[in-house]
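Trainee: sharing a sequence plus its predicted fold:
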Amino acid sequence: MTGSDGQCGAFDAGHDHRISRKQFLAGAAGTGLVLGAGGLFGSDIATAAMETTAVRRGGVLRVAHAGAGKSETFNPARGSSFIDTSRQYNLYDPLVRVNPDLTTAPGLALRWTHNKNSTVWDIHLRPGVTFHDGKPFTADDVIYTLRSMGDPSHVGHFAVVNIRLNELKKINAHTVRVHLKSPDAQLYRSFVNGNTVVIQNGEKNFAKPVGTGPFVFGSFTPGERSHCTRNPNYWEHGKPYVDAWEDWSIDDPQARLNALLSGQIDAMSSLDYNQARVHQRTRDIQVVNAPSPSMHCIYMAVDKAPFTDNRVRQAFRLIPDRKALIAGAIAGFGTVGNDLFGKGYPYFAEFPVRPHDPEKAKALLKAAGADGLKVTLHTSDAVPGFVEAATLFAQQAKAAGVTVSVKKESASQYFDTSTLYTHLDFAQDFWAAASVGAWYQLAVQSHAVWNETHWRDKHYDAMIATATAAPNARAANRLWRQVQKVQYDQGGYIIWTNVNIVDAAAKYVKGVRPSSFTALGGWNYRSFWLNK
């Protein structure tokens, strides 16, 4: 399949081809998209060149995260916690990578080309890649991966709901043809998530998982530790640099930091914000800090009283003093949010930030027959700032006549969909996603696995589909604004901040680049090395 000129362009990985957001959108709206011809490109090139001249090889990279207890997994269909995502991106590979500056780069897919109306796509795959067991990576593996995501219980199911899975076609060993139910000018954006990484054709038992990623499975004790060794045949030549990588499950944020300071581990995700300020001054460790579209939010289940009444939801959005929350809960590591996801991404709608207005909130609650309301806000120290934000919100709610009881839940269960996550009526979350559209597919479509607000509306699903199918950037801006206006006016989210992603590493850990996409440089352990 080719562009309108009969040819598909290609990038020479030896030169800097960083794509601006404007260029990216222009490419998405045309008849073909090329992510790259092989290897790294864009803002990673200079870093890669620098690393290959200065890198020291060897050692074991030990990384700690808030765990998910016995529900931890290497199965991309099931994992929903930070530590699961860390494993997904390092044992497997995605089709598309996201650079630290939110531009994209080729993963296992080198090029994506589509017909005139973006209803048929060809995914051109990277040749010469092998799985850890020596089997070659081919189109069969991508077809099997996509069809496995057809299971509605798969966390990555959102990415394939618009794909005619029965019509997936292997054009040749490294080309897959994808027929869509409706147009999607940004199909590739759905395949950067950790739950959409490529698995081997026929893989069903993830006790000893096999991927194409930079590390090879060694051992795993859920809730404790996993150990993986360097993939000597990794397609990204020369990487990874360390001999092995371990993920440690440490729920308590202070215990994670103590482990880092004492030399038990080398890096950690989710550094406490107040501690981040301290260590920015002392400079005894690296504070990995990146402004981001990511968000901290308080969510309300719209199908559970009292949040079934939109007047209650709107009242609760007037309760927070957002600047005070940012200063007090996350030590200033964020900017004020406007109850919508995606600030900084294309198609984000700039609606006014709601003021702290307890008197108006009181009036709305009274009109809804909910004055004197008492609610429980579920929180956890699974993410830094959650408990502090919940406590401050409870204090601020008093001025609106609302009594908020804060209930601290287990960090290991908080993001487990089999126990708490998506089953709570009033709770907190942290979100990172690759685009505005990807977040709406993940969070508010009727059958989204992570539909924590329980927003279910077939008409709204159709609105999202229409916006996704927009033929050009101008139409997409208009349609996505309409989608966001509904959430702004009626949704179940209090998005009070776009929060920085703040992690930490020992000073001897090199190759760490702050990422606006997700934690620890985008979980990019293949580029880390130890200068001990």
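Mentor: Looks like it arrived, so ask away.

Trainee: tell me, what's the model's pLDDT at Tyr525?
Mentor: Here, the pLDDT recorded for Tyr525 equals 98.

Trainee: kindly apply the preceding question to Ala68 instead.
Mentor: So, for Ala68, pLDDT stands at 89.

Trainee: do the same with Ser412
Mentor: Ser412 is given a pLDDT of 88.

Trainee: list the contacts for it?
Mentor: Ala66, Gly67, Ala68, Gly69, Ser71, Gly223, Ser249, Asp251 (Cβ atoms under 8 Å, 6 or more residues apart in numbering). (Glycine included, C-beta is placed from N, CA and C.)

Trainee: tell me which of those fall in strands.
Mentor: Using DSSP state E, Ser249 are the members of the contacts of Ser412 that sit in strands.

Trainee: can you list the contacts of Ser412 in a markdown table and add distance to Asp243 and neighbour count?
Mentor: Below are the contacts of Ser412 laid out as a markdown table (distance: Cβ to Cβ, whole Å; neighbours: other Cβ atoms under 10 Å):
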| residue | distance to Asp243 | neighbour count |
| --- | --- | --- |
| Ala66 | 26 | 25 |
| Gly67 | 24 | 24 |
| Ala68 | 26 | 28 |
| Gly69 | 28 | 18 |
| Ser71 | 29 | 21 |
| Gly223 | 25 | 14 |
| Ser249 | 21 | 22 |
| Asp251 | 27 | 21 |
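
Trainee: can you give me the offset of the helix or strand hosting Asp84 from its chain's centre?
Mentor: Per DSSP states H and E: Asp84 is located in helix 82-91. Here helix 82-91 is found 11 Å from its chain centre; the criterion is Cα atoms, centre = their mean, to the nearest Å.

Trainee: residues contacting the following helix or strand past it, please?
Mentor: Per DSSP H and E, the first helix or strand lying C-terminal to helix 82-91 is strand 96-98. Identification of contacts with strand 96-98 by Cβ under 8 Å, 6+ apart yields 35, 104-107, 109, 188-189, 191-192, 434, 515, 517-518, 522.

Trainee: name the nearest of those relative to Ser380.
Mentor: Thr518 (19.1 Å; Cβ to Cβ).

Trainee: for the closest one, give me its contacts.
Mentor: Thr85, Val98, Ser294, Ala432, Ile501 are the contacts of Thr518 under Cβ under 8 Å, 6+ apart.

Trainee: ok, and the most crowded of the residues you listed?
Mentor: Counting neighbours by other Cβ atoms under 10 Å, Ile501 leads the contacts of Thr518 with 27 neighbours.

Trainee: hang on, the earlier thing: tell me which other helices or strands the helix holding Asp84 touches.
Mentor: strand 60-65, strand 215-221, strand 225-230, strand 244-249, helix 519-523 (3 or more Cβ pairs under 8 Å, 6 or more residues apart in numbering; DSSP states H and E).

Trainee: between that helix and strand 244-249, how big is the angle?
Mentor: Angle, helix 82-91 to strand 244-249, by axes from the mean of the first three to the mean of the last three Cα atoms, to 10 degrees: 170 degrees.

Trainee: what about helix 82-91, average pLDDT?
Mentor: Helix 82-91 comes out with an average pLDDT of 96.

Trainee: just the C-alphas of that helix, formatted as CSV.
Mentor: Extracted in CSV, the C-alpha atoms of helix 82-91 (Å, rounded to 0.1, in the frame of the first residue of the first chain):
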residue,chain,number,x,y,z
PHE,A,82,3.7,0.2,37.4
ILE,A,83,5.7,-2.9,38.1
ASP,A,84,3.8,-4.9,35.5
THR,A,85,4.4,-2.1,32.9
SER,A,86,8.1,-2.1,33.7
ARG,A,87,8.3,-5.8,32.9
GLN,A,88,6.2,-5.5,29.7
TYR,A,89,8.5,-2.9,28.1
ASN,A,90,11.7,-4.8,28.9
LEU,A,91,10.9,-8.5,28.2
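
Trainee: can you give the contact residues for it?
Mentor: Identification of contacts with helix 82-91 by Cβ under 8 Å, 6+ apart yields 63, 65-68, 72-74, 76, 78-79, 194-195, 197, 209, 211, 213-217, 226, 228, 245, 247, 249, 269-270, 382, 415, 518-520, 522-526.

Trainee: SS state for the closest residue to Gly522 other than its chain neighbours?
Mentor: Counting by Cβ to Cβ, 6 or more residues apart in numbering, Ser515 is the residue found nearest to Gly522 once chain neighbours are left out, at 4.3 Å. Ser515 falls in the coil class when you classify it by DSSP: H, G, I helix; E, B strand; the rest coil.

Trainee: can you report how many residues lie near Ser515?
Mentor: For Ser515, the neighbour count with other Cβ under 10 Å is 23.

Trainee: domains of this protein?
Mentor: As assigned by automatic domain parsing, the chain contains the domains 1-290+507-532, 295-499.

Trainee: so who does the nearest residue to Lys374 once chain neighbours are set aside touch?
Mentor: Spatial nearest neighbour of Lys374, chain neighbours left out: Thr403 (4.5 Å); criterion: Cβ to Cβ, 6+ apart. Neighbouring residues of Thr403 by Cβ under 8 Å, 6+ apart: Gly372, Leu373, Lys374, Val375, Ala397.
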